[in-house]
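Trainee: Fold the stuff below for me.
(chains A and B)
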Amino acid sequence: MIKLIAAFLTFYSASVFAVLEVTVLKKAEDAFPIVISPFLVKGDAKQGETIAHIMRDNFNRSGEFNASSADYIVTSQVDFDKWQAQKTEAIVIGKLEKVSKKIFNVEIELLDVYSRKTLYAKKFAVHNSGIRRITHYLSDQIYFALLGEKGSFDTRLAYVTVANKGRGKREYKLEISDSDAQNPQTILRAASPILSPAWSPDQNKIAYVSFKNGRSEVFIQYPFVRRKTQKLPYFDGIASAPAWHPNGESIVLTLSKDGNKDIYSYHLKDKKLTRLTSDVSIDTEASYSADGERIAFTSNRSGQVQVYIKHLKTGKINRATFVGSYNAKAVFSPDGKSLALVHRVDKDYRIALLDIATKDLMVMTQNKLDESPFFSPNGSMIIFATNKDDSGVLSVVSILGHQTFELVSKAGEVREPNWSHYSK
Amino acid sequence: MLKIASLVTATILLSSCSSTVEELYQKVAPRPAVVTSQEDVSATQESIIAADSSSFQSQEFAGNHARSAAQNNAARMAVAQLKNSGAKFVLHFSYDGSEIDEAATQEVIKHANFMRDNPALNLRLEGHADERGTREYNLALGENRALAVKEILGLYDLSSRVNVISFGEENPTAQLHNESAWQQNRRVEFIYQ
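Mentor: A predicted model of the protein is given here:
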């Protein structure tokens, strides 16, 4: 038993070492001022501060809140006049009681400083191992109570890290973490590139591209089931750019088995392959809308690299991007109204947001080499890969246009971000 | 087009004289839309290549487990001889382009003749892109570049001995983020097996 614990600790500390560094960059000018008080703790429980701390970090990362602590533990006798004078608009107070070695009672309350009313309150028991998860869940509840929209906290990220191992050798790792980059786990290690990780809608699978057999192939990995990997059938040429259908039963991918690079859907149970595009040009980087009725994809059929949308019911393909000579790798926003994509401005590649109906394109970043945009599940943020100080980092921009936070790996590059749906 | 292609193949089989082949090829070869100038690349490239030689060693011969060591050695010698004759084992491309220009076509023809002289050897064409633009698009672009080379070799009936692989932007030879590094990285590599 002791051996087991020791092994676990070693593994755990190794993971902690690999945590991406999170830097909050800039909040909205009208960021919502909220105080999250240290929790009142009964019994020996450091977790009280952990909860408040994780919660503050969550709100500050969102870019829409300015979350701070109080210099004392605020209890249910709240001095509303004082907080009003400090221009705090909401306050979170909480209690944590240790009832047994691993079980805690948690009480939390969100108060509106101006109306002096309770906006949200919850009381429950939680196992020690679930505290981090429950804190993300509570953050989502509070976010909803204040903004009337879902948060994206109780979700996960997937990304690829690259470390130089000397003599031209590199180590690629497919990793997953909580939405705050904590709790990272390595799902796959390889000496060859790993591309395009994509969480399945049920969050139990990750599709990705591997070069382990010397060519690009699509695999599906079960990150929570040890060593379970599903390989797609062998296709001649390229197999790449996987993306899930919202029902989780099939994926779209790019295959060049018939010479052209075209988009196909592959049903995972029926093992049925359906061709969705057939054009002599390059068609790739397909992604579904949340209702499954449309795919957006990249094509150079016009002679330029542009984004197209195919309506799957009618079969009709329309060009979506008209501004600029290069638009690629589009993903639908959760409401299906816009696309986040890579847009070339002069010699730079930046993230842009396209309103599909009006065709208005808004450039969201000021960088040189942005790649791989992906929406947070609530649609309020876009995560993407970029270069900073000559190394790959992940960056997050709010759809209102301000950059919110950055994820940097001390061990090397980090790239190819993907954001899961809500946890189940 | 098919008729012309088979006519060319037939003529090639009748004649081993390479100048005839070249003349014929020039008659049927599609004109390139973009001509890349290799001269001005090479001058600025040398320092970058030298600095990077530790992490990238161009490989012209990969060997084949199905052959004996002696056979592999003979094949390696033949490939080295082709290399010494000045034939290029790396072809470069324009931005977002997969067209083969006139000079590059002549290089591919040298390989075509070499493959006909060495029927036991197979060729792997590795297509690459620079880091600009998206990774998945670049993977497709790298394959198009390698396929463009294979298409010419196909005119010599060599398709069945040519294997195409794309690495997109994942294996750059020059690690810098500037125009000359990008130019160096947009390439197809010839590797005999």
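
Trainee: Just name whatever secondary elements the longest helix along chain B is in contact with.
Mentor: Looking across chain B with DSSP state H, the single longest helix is helix B:135-154. Applying 3 or more C-beta pairs under 8 Å, 6 or more residues apart in numbering or on different chains; DSSP states H and E, one finds that helix B:135-154 makes contact with strand A:194-199, strand A:239-244, strand A:283-288, strand A:327-332, helix B:102-117, strand B:123-128, strand B:162-168, strand B:187-192. Using the backbone N, CA and C atoms, a C-beta is placed for each residue, glycine as well.

Trainee: For residue A:171, find the nearest of these.
Mentor: strand A:194-199 (10.4 Å; C-beta to C-beta).

Trainee: wait, does the closest one contact chain B?
Mentor: Yes: interface with chain B: strand A:194-199 contributes A:195, A:196 (C-beta under 8 Å from any C-beta of the partner chain).

Trainee: before we move on, the earlier item: any buried residues in the longest helix of chain B, and which?
Mentor: For helix B:135-154, burial by neighbour count (16 or more other C-beta atoms under 10 Å in any protein chain shown) applies to B:135-150, B:152-154.

Trainee: Close to chain B: what parts of the stretch 151-300 of chain A are there?
Mentor: A:167-168, A:193, A:195-196, A:209, A:211, A:214-216, A:237-238, A:240-241, A:254, A:256, A:259, A:261, A:282, A:284-285, A:298, A:300.

Trainee: at 10 Å what do you get?
Mentor: A:162, A:164, A:166-170, A:172, A:192-196, A:209, A:211, A:214-216, A:236-238, A:240-242, A:253-254, A:256, A:259-262, A:281-286, A:298-300 (C-beta under 10 Å from any C-beta of the partner chain).

Trainee: Return the members of those classed as buried.
Mentor: Counted by 16+ other C-beta under 10 Å, those give A:162, A:170, A:172, A:192-196, A:209, A:211, A:215-216, A:237-238, A:240-242, A:253-254, A:256, A:260-262, A:281-286, A:298-300 as buried.

Trainee: Would you mind listing where chain A has pLDDT under the threshold?
Mentor: Applying pLDDT under 70 to chain A flags residues A:1-17, A:45, A:423-424.

Trainee: Just the helices from it, written as ranges.
Mentor: For chain A, applying DSSP H gives helices covering A:2-17, A:47-61, A:80-85, A:131-147.

Trainee: got the buried residues for the last one?
Mentor: Taking 16+ other C-beta under 10 Å as the neighbour-count basis, helix A:131-147 is seen to contain the buried residues A:131-143, A:146.

Trainee: Where does residue B:81 sit, in terms of helix or strand?
Mentor: helix B:69-84 (DSSP states H and E).

Trainee: Let me see the mean pLDDT of that helix.
Mentor: Here helix B:69-84 scores 91 as its mean pLDDT.

Trainee: contacting residues around it?
Mentor: The contact list for helix B:69-84, computed with C-beta atoms under 10 Å, 6 or more residues apart in numbering or on different chains, reads B:58, B:60-68, B:87, B:89, B:110-111, B:113-115, B:117-118, B:120-121, B:190-193.

Trainee: Please repeat the previous calculation with a cut-off of 6 Å.
Mentor: B:60, B:61, B:63, B:114, B:118, B:121, B:192 (C-beta atoms under 6 Å, 6 or more residues apart in numbering or on different chains).

Trainee: Most neighbours among those residues, which one?
Mentor: In terms of neighbour count, residue B:192 stands highest of the contacts of helix B:69-84 at 23 neighbours, by other C-beta atoms under 10 Å in any protein chain shown.

Trainee: Enumerate the beta-bridge partners assigned to that residue.
Mentor: residue B:61, residue B:123 (DSSP bridges).

Trainee: In contact with residue A:21, which residues?
Mentor: Per C-beta under 6 Å, 6+ apart, neighbours of residue A:21: residue A:408.

Trainee: Measure how buried the closest residue to chain B within the stretch 1-150 of chain A is and give me the count.
Mentor: With C-beta to the nearest C-beta, the shortest gap between the stretch 1-150 of chain A and chain B falls at residue A:20, namely 19.7 Å. Using other C-beta under 10 Å, residue A:20 has 23 other residues around it.

Trainee: Repeat that for residue A:391.
Mentor: Residues within reach of residue A:391, counting by other C-beta under 10 Å, total 13.

Trainee: which two in the contacts of helix B:69-84 are spaced the farthest apart?
Mentor: Comparing every pair within the contacts of helix B:69-84 by C-beta to C-beta identifies B:63 and B:114 as the most remote, at 16.9 Å.

Trainee: shaky segments in chain B?
Mentor: Residues of chain B meeting the criterion pLDDT under 70: B:1-58.

Trainee: So which bits of it are right by chain A?
Mentor: Counting by C-beta under 6 Å from any C-beta of the partner chain, the residues of chain B close to chain A are B:55, B:134, B:135, B:136, B:137, B:139, B:140, B:143, B:165, B:170.

Trainee: mind redoing it with 8 Å?
Mentor: By C-beta under 8 Å from any C-beta, the residues of chain B that approach chain A are B:54-57, B:96, B:131-137, B:139-141, B:143-144, B:147, B:164-168, B:170-171, B:177.

Trainee: residues from the stretch 301-424 of chain A in reach of chain B?
Mentor: Residues of the stretch 301-424 of chain A found near chain B (C-beta under 8 Å from any C-beta) are A:305, A:326, A:328-329, A:342, A:344, A:349, A:368-369, A:371-372, A:387, A:390, A:416.

Trainee: centre of the chain versus stretch A:110-122, how much separation?
Mentor: How far stretch A:110-122 lies from its chain's middle: 30 Å, per C-alpha atoms, centre = their mean, to the nearest Å.

Trainee: Now do that stretch: distance from first to last residue.
Mentor: Distance between the two ends of stretch A:110-122: 9 Å, counting by C-alpha to C-alpha, to the nearest Å.

Trainee: what's next to that stretch, contact-wise?
Mentor: A:78, A:80, A:83-84, A:88-93, A:106-109, A:138, A:141-142, A:145-146 (C-beta atoms under 8 Å, 6 or more residues apart in numbering or on different chains).

Trainee: And the residue of chain A closest to chain B?
Mentor: For chain A, C-beta to the nearest C-beta, closest residue to chain B: residue A:168, 3.4 Å.

Trainee: And that residue, how far from residue A:27?
Mentor: Residue A:168 sits 42 Å away from residue A:27, going by C-beta to C-beta, to the nearest Å.

Trainee: repeat for residue A:153
Mentor: As for residue A:153, its distance to residue A:27 is 16 Å (criterion: C-beta to C-beta).

Trainee: between these two, who's got more neighbours?
Mentor: Comparing residue A:153 with residue A:27 by neighbour count (other C-beta under 10 Å), the higher total belongs to residue A:153, at 30 against 21.

Trainee: shouldn't the more buried one be in contact with residue A:140?
Mentor: Yes: using C-beta atoms under 8 Å, residue A:153 is in contact with residue A:140, at 5.1 Å.

Trainee: returning to what we had before: redo the contacts of helix B:69-84 as a markdown table? Include distance to residue A:334.
Mentor: Formatted as a markdown table, the contacts of helix B:69-84 follow (distance: C-beta to C-beta, whole Å):
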| residue | distance to residue A:334 |
| --- | --- |
| B:60 | 50 |
| B:61 | 52 |
| B:63 | 51 |
| B:114 | 55 |
| B:118 | 57 |
| B:121 | 53 |
| B:192 | 50 |
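
Trainee: Tell me the one of the residues you listed nearest chain A?
Mentor: Among the contacts of helix B:69-84, residue B:63 lies closest to chain A (C-beta to the nearest C-beta), at 14.3 Å.
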